[in-house]
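Q: Give me a model of this one.
(one chain, ligands or ions: 1)
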Amino acid sequence: MSAVGIVAAAGSGLRLGADRPKALVPLAGRPLVAWSVQTLLDGGVDEVLVAVPTADHDAFAAVLPGGVRLVEGGVTRTASVRAALARVSGEATALLVHDAARPLTPPAVVTRVLDALRSGAPAVVPVLPVVDTTVVVDEAGTVTDAVPRAPLRRVQTPQGFARRVLVEAYDALPGGAELTDDAAVVRAVGIPVRTVAGDERAAKVTVPHDLALAELLVAR
Ligand code: C5P
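A: The predicted structure is shown next:
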């Protein structure tokens, strides 16, 4: 199996209050995207492709290891992954799609996803249980229902796919469609998605609190 990693890194730093694309924001002095690319390589991916904002191509190239290829991202995450998919090299048989915004994902998570693909799963996501009571509210914020949490999972990245499965699912997805992850794209065409254990350290950096937490984890 030959695995290519696709890193979605073309988002803005808006919710983080950053003055640059989120993936270029430093964690312990090193941009988030550099952490995420290294995790994929350490976990066993053979090659990495990064979707970046058009205007920042050179800034990304300057902080990534040689051999990592850059692709112009799109206006949504779905569009960014679609753009990267079109540039995957000939020999890849498996694809792992990862958020640049999950810098502290342990390489063991990557390895678990690769192992599940090797054992024949067409699609794999790392997940964690939901530990809080989870409810539904109406427009006024009043609780209308409680959701049984036992079967619920929080989904992380990297998400792994047989290459053909992901390419065909994106081909079947209408042009402007926007989904929050890639497993949703393959589920839309009826592909079963297997789960493996995720890791709390793979949490997504979205708001300043997440970055502060990540800094503490690195300093430990
Ligand atoms: O915004 P959010 O944190 O959910 O984005 C998840 C990942 O998708 C981030 O790593 C971000 O850089 C990436 N993204 C992208 N292209 C976009 C929007 C987000 O690659 N247009």
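Q: What residues does this protein have near the ligand?
A: Residues of the chain lying near the ligand by Cβ under 6 Å from any ligand atom: 8-11, 22-23, 51, 73-77, 80, 99-101, 204, 206. (Each C-beta comes from the backbone N, C-alpha and C, glycine too.)
Q: Now the residue of the chain found nearest the ligand: closest residue in space, sequence neighbours ignored.
A: Residue of the chain nearest the ligand, by Cβ to the nearest ligand atom: residue 11 (2.9 Å). Excluding the flanking residues, the one nearest residue 11 by Cβ to Cβ, 6 or more residues apart in numbering is residue 22, at 5.3 Å.
Q: check contacts around that neighbour.
A: The contact partners of residue 22, taken as Cβ atoms under 8 Å, 6 or more residues apart in numbering, are 11-13, 16, 32, 100-101, 205.
Q: Same check on residue 71?
A: Counted by Cβ under 8 Å, 6+ apart, residue 71 has contacts 49-52, 83-84, 87.
Q: at 7 Å instead, please
A: For residue 71, the contacting residues are 49-51, 83-84, 87, by Cβ atoms under 7 Å, 6 or more residues apart in numbering.
Q: Residue 141 now?
A: With Cβ under 7 Å, 6+ apart, residue 141 has no contacts at all.
Q: Torsion angles phi and psi at the residue lying closest to residue 67 once chain neighbours are set aside?
A: Using Cβ to Cβ, 6+ apart and skipping the chain neighbours, the partner closest in space to residue 67 is residue 47 (7.4 Å). The phi and psi values for residue 47, taken as degrees, to the nearest 10, are phi -150, psi 150.
Q: in this structure, which spans are helices?
A: With helices called from DSSP state H, the chain shows them at 32-43, 57-63, 77-85, 107-118, 163-172, 182-187, 208-219.
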